[in-house]
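>>> no sequence on hand, only this structure:
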């Protein structure tokens, strides 16, 4: 008698027997005969990734067309190689984590499309990757709102076109990095914080110019 046949037979028995001890016994047998559920790998399982031993196999470097994506609401940093997810890290954000960065001192982590403009092996926060904030959208908004001058806007636009360092010392703020020193809380002034072992792996995997997208 197959296990599937036994399961179906006991299921009918459980439904037919009145609510007595027999019903309980049939239900117990039913539970023991029930086929094990099929294991489904969901996106949430993939994104929980960092603790899965399979996910901690060493990255095969160099990555092909690496790309970084930060999902603020999920507190996740995703690393892609040629469009394939290869790592998911837990992160901490700015002290005011909700909303796009608008100006210096708002303690928000910016949102939008950026690139890595520098790598600092002597960071005060273990290791760091510079994120090219402000981008052109921030600069346009800042010019409109009187936070930067036309000359500053032009400098930012030129730097972005050349994939260099945009102005960092304006009323828009700057010095946004992906760095170490812990991801257990939102404690930075707008940066993206990882555990030291995670930023070490990420630092070694990406180069200057790597695209970075930060989503709400």
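On my side now, so go ahead. Just so it is clear, the model here is predicted, and its values are computed rather than measured. Numbers count the residues shown, from 1 in each chain.

>>> how close does residue 86 get to residue 76?
Here residue 86 is placed at a distance of 13 Å from residue 76 (C-beta to C-beta, to the nearest Å). In this view, the C-beta of every residue, glycine as well, is placed from N, C-alpha and C.

>>> with residue 198 instead?
11 Å.

>>> could you tell me which residues touch both of these two?
The contact sets of residue 198 and residue 76 overlap at 89, 90 (C-beta atoms under 8 Å, 6 or more residues apart in numbering).

>>> which residue packs closest to residue 204, ignoring adjacent ones?
residue 61 (7.0 Å; C-beta to C-beta, 6 or more residues apart in numbering).

>>> now the one you found, what's its secondary structure?
Classification of residue 61 by DSSP: H, G, I helix; E, B strand; the rest coil places it in coil.

>>> so how far is residue 123 from it?
The gap separating residue 61 from residue 123 is 21 Å, by C-beta to C-beta.

>>> count of neighbours near residue 129?
27 (other C-beta atoms under 10 Å).

>>> what about it, which SS state?
Classified using three-state DSSP, residue 129 is strand.

>>> surely it meets residue 202?
Yes: using C-beta atoms under 8 Å, residue 129 is in contact with residue 202, at 7.2 Å.

>>> joint contacts of the two?
Common neighbours of residue 129 and residue 202 (C-beta under 8 Å, 6+ apart) are residue 178.

>>> burial of residue 65, as a residue count?
A count of neighbours around residue 65, defined by other C-beta under 10 Å, yields 11.

>>> wait, residue 162
8.

>>> just residue 75 next, same as before
17.

>>> just the terminal-to-terminal distance for stretch 100-108.
Stretch 100-108 has its terminal residues 6 Å apart, counting by C-alpha to C-alpha, to the nearest Å.

>>> typo on my end, stretch 166-177
13 Å.

>>> tell me the mean pLDDT for whichever strand in the chain runs longest?
Scanning the chain for the longest strand, with DSSP state E as the assignment, gives strand 112-120. Average pLDDT, strand 112-120: 98.

>>> quick one: strands adjacent to it?
strand 128-131 (antiparallel), strand 211-215 (antiparallel) (DSSP bridges).

>>> which intervals of this structure have sub-threshold pLDDT?
Along the chain, the parts satisfying pLDDT under 70 run over 1-55.
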